[in-house]
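Undergrad: Next come a sequence and a model predicted from it.
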Amino acid sequence: MLEALDRATQEETQGIHRILLSVDGSANDWPALDRAIELAVAHSALLSIVAVIPDPKLYTGFGMMVLPCSPDTLKRDAEREMMRLLAAARDEVPANVSLTTRVLHGRTGRTLADLVDEGGYDLVVISGRRPCRRLRRAAACEVIR
């Protein structure tokens, strides 16, 4: 189900030149990718697909948990999985759409908001989660559920 945040978002989509799609490995990534591709083709816009990998949490429950691997190993495994996801998404994008992909590390909302601020994106497509307040102020958002 497609949920546009408000009517102003629909009006802002008329001048789309740069689209940012955030993927996280959920089932909603593929409908979000389809929507981002549809908009990129319709507006001849640049599409950027980004995956943000949060830092692994080492503490949980009532005390320190013994992990069978190091935090660096967890980060590398998560990065490898996101690279695989980005490669699969890249294969779905038509050749006539300008495309970039990136893997970033950090807190998802803050990292995406910083990227939107520095990249000048007109629209952010997010799969399944609500965008943070800072991200909503920076660009128009569409949430795909």
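TA: Perfect, I can see it now. Not measured: the values here are computed from a predicted model. Numbers count the residues shown, from 1 in each chain.

Undergrad: Please name every helix or strand in contact with the host helix or strand of Glu38.
TA: Using DSSP states H and E, Glu38 sits within helix 29-43. Here helix 29-43 touches strand 18-23, strand 46-53, helix 71-92, strand 123-127, strand 140-144, going by 3 or more Cβ pairs under 8 Å, 6 or more residues apart in numbering; DSSP states H and E. Glycine gets a C-beta too; all of them are placed from N, C-alpha and C.

Undergrad: Can you give me the end-to-end span of stretch 35-52?
TA: Terminal residues of stretch 35-52 lie 20 Å apart, using Cα to Cα, to the nearest Å.

Undergrad: Show me which parts of it are buried, residue by residue.
TA: Within stretch 35-52, the residues scored as buried using 16 or more other Cβ atoms under 10 Å are 35-37, 39-40, 43, 45-52.

Undergrad: what distance separates it from the centre of its chain?
TA: Relative to its parent chain, stretch 35-52 has a centroid offset of 11 Å by Cα atoms, centre = their mean, to the nearest Å.

Undergrad: Spatially central residue for the protein, please.
TA: The residue lying closest to the centre of the chain (Cα atoms, centre = their mean) is Ser22, at 0.7 Å.

Undergrad: circling back to that earlier point, and for the helix holding Glu38, what are the contacting residues?
TA: With Cβ atoms under 8 Å, 6 or more residues apart in numbering as the contact definition, helix 29-43 has outside contacts at 2, 13, 16-17, 19, 21, 23, 45-47, 49, 85, 89, 92-94, 96-98, 123, 125-128, 142, 144.

Undergrad: Show the buried residues in those residues.
TA: 13, 16, 19, 21, 23, 45-47, 49, 85, 89, 93, 97, 123, 125-127, 142, 144.

Undergrad: Please work out how many residues are found near Ala95.
TA: Neighbour count for Ala95, taken as other Cβ atoms under 10 Å: 5.

Undergrad: hang on, it is in a helix, isn't it?
TA: No - using DSSP: H, G, I helix; E, B strand; the rest coil, the secondary structure at Ala95 is coil, not a helix.

Undergrad: Now for the nearest residue to Gly15 once chain neighbours are set aside, how many residues are close by?
TA: Excluding the flanking residues, the one nearest Gly15 by Cβ to Cβ, 6 or more residues apart in numbering is Asp122, at 6.6 Å. Asp122 has 20 neighbouring residues, counting by other Cβ under 10 Å.
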